[in-house]
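In: Got a predicted structure here, sequence first:
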Amino acid sequence: MSLKSLISNTYNRLRDTNSVLNDGSHRSESPLTPDLPPSATQKRNAAPACGRSPVDFDLAEALRLRALGWSYRRIARQMNNVSRETVRTRILHYEAQFRVATPEPIPAPGPSTEPPIVPVQEPKPAPMSVPVVAPPPEPKAAPVSKIEPVSVAPVAPPEPDSNYDALVEYWAMRGLKNYKPDTRWFFLVHGQQNLQYATGLEQLAVSIDRWYEAYHDLEVFRDAERIWVVIDRRDDNREFVRSLVNDIWIRERCVISVGYVSFERWIQTVMRDRMHRMWDVSPRKWESYDSSQFEAAQHFVSLPQPNHVQRIEELLVPPPEPEKIIPDGGGYSTYGAPYAGCPPQATFDVPQSGDEGCGFAF
């Protein structure tokens, strides 16, 4: 070993021994933050003399192993190329800095032996006696007369109108004094005008504005087997039809025919058809009259149920607007004209000749 190498090694050992007294000799340690362990000592870039490996010391790892009860020598063996003295010096230096940065807690003062000072209380003045005034008596409530409940009488629905008596009088004038209309089947119409049409066409009919549940007990409806409901699309029959649909008792007895013709009321068309069919039965044996053909010819259908909204709305659809007559070309109507676009031709009276007294014209 050369003298230069020996001097360098000796200098390095003395430098490590005296590093405890120098607070700024290690860049990895900071006295301002002693509670945080410094990082490991950084290796030098330049290789030391005589080929010695740089010191590889981790202070945080050394403190952890020391807390587990490891000795300085065992910690030095655990770390590569670290002497026992280096481990002890670094750990003791860190503990010294930690004690300086962390002051000892001040002990709590013990209980004093002196008696406590009791504040002097001034005597309170005697309370003044206030006379108690009794509250005034509450005024007696005036007697309230009992209000008797007012009994509201149920409003009776209007009586249905029938042309029964009018038909009896009509046939009595024609010689049938013992005639009695058969009340097992009849027409159910809406409005007095339709009832007059039924009388003129010799048909038994009952007129109502809407159906009421109280009509169940009436004899005219209780004994009925078949009720023909006829409505014209030009009339507002919404409430009338819906009242029949919502009552299953009357709905099962009825069939309905809805129609529209431009030259008369639909009820007149239907009743005239039945009148002609009854006159065809000879000799007026109405008991043998079959109404199934009449219902099929006039398109009678059963009343829909209340939840069949679409079918109900189809019964209430108004009729289409009548088509406007537009004259043909030329601005002239075709009535009285020999061909389209030609104005109506005038008619001339041809004078007759002959003797007026004989009654012949030549």
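Out: Okay, I see it. Owing to the predicted nature of the structure, the values given are computational and were not obtained by experimental measurement. Numbering: from 1, shown residues only.
In: Test my guess that residue 270 contacts residue 299.
Out: No. With contacts counted by Cβ atoms under 8 Å, residue 270 stays clear of residue 299, the gap being 9.4 Å. Any C-beta I mention is one placed from the backbone N, CA and C, and that applies to glycine too.
In: The two - which one has more neighbours?
Out: A direct count of neighbours by other Cβ atoms under 10 Å for residue 270 and residue 299 places residue 270 higher, at 26 against 12.
In: In three-state terms, label that one for me.
Out: Following DSSP: H, G, I helix; E, B strand; the rest coil, residue 270 is assigned to helix.
In: shared neighbours, residue 270 and residue 299?
Out: Common contact partners of residue 270 and residue 299 (Cβ atoms under 8 Å, 6 or more residues apart in numbering): 257, 259.
In: Which parts of this structure are helices?
Out: 3-17, 59-67, 72-78, 84-101, 164-173, 192-200, 219-222, 238-245, 248-251, 266-280, 292-297, 309-315 (DSSP state H).
In: Looking at the ones you listed, which is nearest to residue 141?
Out: Among the helices of the chain, helix 238-245 comes nearest to residue 141, with 51.5 Å by Cβ to Cβ.
In: Do you know the pLDDT at the nearest residue to residue 247 once chain neighbours are set aside?
Out: Residue nearest to residue 247 in three dimensions, not counting chain neighbours: residue 211, with 5.8 Å by Cβ to Cβ, 6 or more residues apart in numbering. With respect to pLDDT, residue 211 scores 95.
In: how much space between residue 309 and residue 154?
Out: According to Cβ to Cβ, to the nearest Å, residue 309 stands 31 Å off from residue 154.
In: ok, these two, which is more surrounded?
Out: Neighbours were tallied for residue 309 and for residue 154 using other Cβ under 10 Å; the higher tally belongs to residue 309 (10 against 6).
In: show me the contacts for the more buried one.
Out: Counting by Cβ under 8 Å, 6+ apart, residue 309 has no contacts.
In: Tell me the spacing between it and residue 221.
Out: Here residue 309 is placed at a distance of 26 Å from residue 221 (Cβ to Cβ).
In: Over to residue 165?
Out: Separation of residue 165 from residue 221 (Cβ to Cβ) stands at 18 Å.
In: more crowded one of the two?
Out: It is residue 221, of residue 165 and residue 221, that has more neighbours when counted by other Cβ under 10 Å, with 20 against 9.
In: In contact with the more buried one, which residues?
Out: 206, 215, 227, 250, 253.
In: related to what we said a few turns ago, now do the contacts for the residue nearest to residue 247.
Out: 240, 243, 244, 247, 250.
In: same thing but 7 Å
Out: With contact taken as Cβ atoms under 7 Å, 6 or more residues apart in numbering, residue 211 is in contact with 243, 244, 247, 250.
In: Neighbour count added to those, as JSON lines?
Out: Listed next are the contacts of residue 211 as JSON lines, based on neighbours: other Cβ atoms under 10 Å:
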{"residue": "243", "neighbour count": "16"}
{"residue": "244", "neighbour count": "21"}
{"residue": "247", "neighbour count": "17"}
{"residue": "250", "neighbour count": "22"}
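In: Let me know the closest of those residues to residue 73.
Out: The shortest approach to residue 73 among the contacts of residue 211 belongs to residue 247, at 111.8 Å (Cβ to Cβ).
In: For the closest one, give me phi and psi.
Out: When read as degrees, to the nearest 10, the backbone of residue 247 gives phi -110, psi 110.
In: same thing with the one 5 residues further on?
Out: Torsion angles at residue 252 (phi, psi; degrees, to the nearest 10) stand at phi -70, psi -10.
In: And the pLDDT at residue 186?
Out: What the model reports as pLDDT for residue 186 is 94.
In: I'd like to know how far it sits from residue 226.
Out: Per Cβ to Cβ, residue 186 is found 8 Å from residue 226.
In: And those two? Which one has more around it.
Out: Higher neighbour count among residue 186 and residue 226: residue 186, with 23 against 13, using other Cβ under 10 Å.
In: Excluding sequence neighbours, find me the nearest residue to residue 234.
Out: With sequence-adjacent residues excluded and distances taken as Cβ to Cβ, 6+ apart, residue 234 is closest to residue 319, at 6.0 Å.
In: tell me which residues in stretch 175-189 are buried?
Out: With burial defined by 16 or more other Cβ atoms under 10 Å, the residues of stretch 175-189 counted as buried are 181, 183, 186, 187, 188, 189.
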